[in-house]
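Asks: here is the input, now give the coordinates:
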Amino acid sequence: QRTNKIAVMVEPLLDTLDWVVITAIGGIVVFFAIQKLRNSGNNGSNASGRTAPPPTRLQNRQRPTYDERNCVEKMKATKKNLIVFYGSQTGTAEEYASRLVKEGKARGFSSMAADLQDYDMEHLAELGSIENSLAIFCMSTYGEGDPTDNAQDFYDQYKTAVETKGLDLSGVHFTVFGLGNKTYEHFNAMGRFVDKSLRALGAQLVYEAGEGDDDANLEEDFVAWKDGLWRSIADDFHLDLSATDVAGVRQYNVEVLDTPDPERVFKGEVATLRSYERQRRPFNQKNPFLATVTVNRDLYKGEDRKCIHVELDISNSAMRYHAGDHVGIYPTNNTELVERLGARLAVNLDTVVALKAVDVDAKKQSPFPCPTSYRTALTHYVDITSHPSTNVLRELAEYTQDAGEKARLLNMASKEGKEEYTSWIVQDCRTVLDVLSDCPSVNIGADHLLELLPRLQCRYYSISSSPKVYPNSVHVTAAVVRYTTRIGRNMAGVTTSWLQSLPVGTKIPVFIRQSTFRLPPDVKTPVIMVGPGTGLAPFRGFIQERHWHKAQGKPVGETVLFFGCQKKALHFMYQEELENFTQDGVLKMFVAFSRDQATKDYVQHHVKREAAVVGDLLEKGAHFYICGDAKHMAHDVQEALVDVLTVDGNRQAAQEKLKQMSTKKRIQLDVWS
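Replies: Coordinates of the predicted model:
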C-alpha cells in the first residue's frame, strides 16, 4: 500500500504531449509580443527604414452606409459637389473626365469621376439638394450615332423619360462635352442627346455644350472648351481661376513591393487576378477568353503592303457570334518599345508596384490592375504609342531641367502653342518615348508617367467568318499598319503588327461584341455589299452564310458584291474563295482595281456603272451594305447610290428615299476613320 501511495504522489501531473502544447502556445504569445514591441518602436517604419505600406482600401473605408448606385448619396457622404460622368468606348472620354476632376479640385470643387453604368441615373434628379453642385458629361458617340456600351442603359432610360415626362431634373446644373468624328453621319449624336434630353427634363445648362472632332483635333477642341467652362462658371460656383496649373498634383500614390507574393501580382489580366490561369464563363470585355491562334497567314503577295488572315479557336468558350459581329482583341505593346521606355525612365522594369488613389472614396482605386510590375503595366495596361495630350506635356515640363525644353513643352500645352503642338506632336506622330528622347532633361518618375498615360484599349475587328460554317472559330482580316513618319521614325500599328508576329498556338485574350450590322432575316431578300480592302471582312461571313443556306436547299436571294483593291496580282484577297462562290451561283461580283490602269477605278464607279443591276434589286427590296473607310469611300458610295436612285434629275427625292431606306435598316454601314 505504501509503495502504491508513493507512486501516485510522484506521477507527473502533465504528460509529454501536454508540455509540447504548452510550449507551442507560449512561443506564439512571445512572438506576437515581440512583434507588437517592434511595431510600436518603428513608428510606422519597417526594418529597412522604408515607410510601412499604407492601409488597404478596405482598412481605409468602412462598408458604405449609403446606396452605392445612388450618385447623389455618394456625393453627400464623401462631400463632393462636382460629378463628371463619362460614356467611353476607347478610353478618351474617361481620360477627359479624369482631367476635369483634377482641374475642378484645383479650382475649388470637390470632384469625382463616374462611369455611367455604375449608377442608377434617376437619382440625378436629387443633385439640386447639394449646394453649388454641377454635373459634367463627357460623351463619346459609337458607330452610327449609338451610345457607348457603358452608356446604353442611361440612354434607354433617359430616352423613355423624355417621352413620358417621367423625370424632373429642375435644380440640376449641367454641361456636356461630346466626342465625335465629322466623317460619320451622326456626328456627336450622344453629346447632343444628353444636352437636349436633360434640358427637356428641366435641367439647366450652365455652359454651352462642346463638340470635339477626332477627324480634326479633338485635343484642341477639348482644351478650348474646358478653359472656357472654368471662366464662364467661376463667379457662380466661387472658383479660383488663379489655380491654372495642376501639373504635379498626383491622383495616385505609389507603393513599391519589395517581396511581393507572385500569386497576388497581376500579369496582364484585364480585371480579375489570375483569370487567364483559371478561365471561367461567361466571357466578355472584362473577362476575355484566351483563344488559340490556329491560322496566321498573309493575304497579299509581294512586300509593299501586308494584310493578314488570322483564325482564333473559341472552342469550349460558350461564346456565340453572328455574321457581322465584332471580335474585341486585347493587344500587347511592342517589347522593344517597352525596353527603350524603361531604359529612358531609368527604372527596373521588374519592380512590382501598386498605384493607389489619393482619394480613398474614389470608385477607381487604381488606374489599372495592381499590384503589377512596371514591365507588365507598360506592356499590357497603358498606351505608349498614341500622341501625348497637352496635359501630359504640361506634367512633363514640371520635371524638365533645361529651360529651352521646358519652355517648348509649356508652349505646346498652352492655347497659344496649339499650332506647334499640331505640327510637332500630331503631324510628326511623336509618342511619349519620342518626346522623352527629344527632351533629354525631362526626369519624370515611371509611376507618375503611368498615372498620366491613357489605358491601352482593346481593338475591334469585323468578324470575317460565319458561325454556320465556323461555329468554333472566329476569323480576322486586318491590314498591317506600318509607316515612316515625316521625321524618319518607323511606326507600326499596335495590334496588327503584334498579330502578324504571333506564331500558331499562341493564346490571346478576346471577346465577342454584338453588332447591328446584320443580314436580313429572310434569306430570300437580295443583298448588295460594297467593301473595298479589309471592308470585305464582314461580307466574307455574309457570303459564307448565304452559301451555307443554299447548300441546305433553301432558296437564297441574289447576293452582289462590289469589291476593290489596288492591284489584282497583289491585293485581291480571298480571290479563289470568292470566285468559287461565283461559280456556285451564290455570288455576283464586281471588282475595281484602282492601280491597274492609268485612270483610278473605285467601287463607287462600279456602283454607278451597274446602276441597272443595283436599281432593280433595290426595287425588289434589297438591303444595301457599306463597310470600310468612312471619310471618303462611304460618302462617295452613298452619293453614287443617290445617282442610281435619281429619276428625271430629282436628286432631292432620291436622297429622301435613301433616308427612308436607312430608317428601315435597308442600308447599313460598318465604317471607320
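Asks: so who does the closest residue to K550 other than its chain neighbours touch?
Replies: Spatially, and ignoring its direct neighbours in sequence, K550 is nearest to V556 (4.7 Å; CB to CB, 6 or more residues apart in numbering). C-betas here are computed from N, CA, C, even on glycine. By CB atoms under 8 Å, 6 or more residues apart in numbering, V556 lies in contact with V523, K524, R546, H549, K550, V586.
Asks: can you rerun that using 10 Å?
Replies: Neighbouring residues of V556 by CB atoms under 10 Å, 6 or more residues apart in numbering: 523-527, 545-550, 585-586.
Asks: who wins for most neighbours among these?
Replies: Neighbour counts for the contacts of V556, by other CB atoms under 10 Å, peak at R546, which reaches 24 neighbours.
Asks: thought it was touching L587?
Replies: Yes - A contact is recorded between R546 and L587 when judged using CB atoms under 10 Å, the distance being 7.9 Å.
Asks: before we move on, back to that, please, which helix or strand holds the residue nearest to K550?
Replies: Element membership for V556 (DSSP states H and E) is empty, with no helix or strand holding it.
Asks: those strands in the stretch 501-650 of the chain, which residues are they?
Replies: In order along the chain, the stretch 501-650 of the chain carries the following strands (DSSP state E, counting those that start in this stretch): 507-513, 527-530, 559-565, 588-593, 623-629.
Asks: to T477, which of the ones you listed lies closest?
Replies: If you check each of the strands of the stretch 501-650 of the chain against T477 by CB to CB, strand 623-629 wins as the nearest, at 10.8 Å.
Asks: now the angle from the closest one to strand 559-565?
Replies: Using axes from the mean of the first three to the mean of the last three CA atoms, to 10 degrees, the interaxial angle of strand 623-629 with respect to strand 559-565 works out to 20 degrees.
Asks: by contact count, what packs against strand 623-629?
Replies: Applying 3 or more CB pairs under 10 Å, 6 or more residues apart in numbering; DSSP states H and E, we find strand 623-629 packed against strand 527-530, helix 537-551, strand 559-565, helix 603-609, helix 611-619, helix 635-645, helix 651-663, strand 667-672.
Asks: how about a markdown table for those, with distance to L82 and mean pLDDT added?
Replies: Putting these into a markdown table (distance: least, CB to CB, whole Å; pLDDT from 0 to 100) gives the following:
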| stretch | distance to L82 | mean pLDDT |
| --- | --- | --- |
| strand 527-530 | 47 | 98 |
| helix 537-551 | 42 | 98 |
| strand 559-565 | 50 | 98 |
| helix 603-609 | 48 | 98 |
| helix 611-619 | 52 | 97 |
| helix 635-645 | 40 | 96 |
| helix 651-663 | 39 | 95 |
| strand 667-672 | 34 | 93 |
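Asks: return the set of buried residues in the helix or strand where V254 lies.
Replies: Applying DSSP H and E as the criterion places V254 in strand 252-257. Neighbour-count burial for strand 252-257, with 16 or more other CB atoms under 10 Å as criterion, is recorded at Y252, V254, E255, L257.
Asks: which strands and helices lie in contact with that strand?
Replies: For strand 252-257, the helices and strands in contact under the criterion 3+ CB pairs under 10 Å, 6+ apart are strand 352-357, helix 446-452.
Asks: part of a helix, is R305?
Replies: No - when classified by DSSP: H, G, I helix; E, B strand; the rest coil, R305 is found to be coil rather than part of a helix.
Asks: tell me the contacts of it?
Replies: With contacts defined as CB under 10 Å, 6+ apart, R305 is in contact with A479, V480, R482, G533, C565, Q566, K567, L570, H571.
Asks: L450 versus that one, what's the distance?
Replies: Using CB to CB, to the nearest Å, one gets 35 Å for the distance from R305 to L450.
Asks: what do you get for T272?
Replies: From T272 across to L450, the span is 20 Å (CB to CB).
Asks: which of these two has more neighbours?
Replies: More crowded of T272 and L450, by other CB under 10 Å: L450, with 22 against 13.
Asks: and for the closest residue to that one other than its chain neighbours, the neighbour number?
Replies: If the residues on either side of it in the chain are set aside, L450 comes closest to A377, at 5.4 Å by CB to CB, 6+ apart. By other CB under 10 Å, the residues close to A377 number 28.
Asks: show the pLDDT at the residue nearest to K550.
Replies: At V556, the predicted lDDT confidence score is 98.
Asks: go on, H186?
Replies: pLDDT, the model's per-residue confidence, is 88 for H186.
Asks: over to it. Which of the three states is it?
Replies: Under the three-state scheme (three-state DSSP), H186 adopts coil.
Asks: ok, it - contacts?
Replies: Contacts of H186 were listed using CB under 10 Å, 6+ apart, and they are T141, G143, E144, G145, D146, G180, R192.
Asks: against V360, how distant is the first one?
Replies: I take that to be T141. 34 Å.
Asks: which one of these two has more residues nearby?
Replies: Neighbours per residue (other CB under 10 Å) separate T141 from V360, with T141 holding more: 26 against 15.
Asks: roughly how far out does whatever helix or strand that one lives in sit from the chain middle?
Replies: When secondary structure is defined by DSSP H and E, T141 falls within strand 134-142. Going by CA atoms, centre = their mean, to the nearest Å, the spacing between the C-alpha centre of strand 134-142 and its chain's C-alpha centre is 15 Å.
Asks: do the same with stretch 307-318
Replies: Worked out by CA atoms, centre = their mean, stretch 307-318 lies 21 Å from the chain centre.
Asks: tally of neighbours for the nearest residue to E219 once chain neighbours are set aside?
Replies: Once flanking residues are discounted, E219 sits nearest to S389: 5.4 Å by CB to CB, 6+ apart. Burial of S389, expressed as a neighbour count using other CB under 10 Å, amounts to 24.
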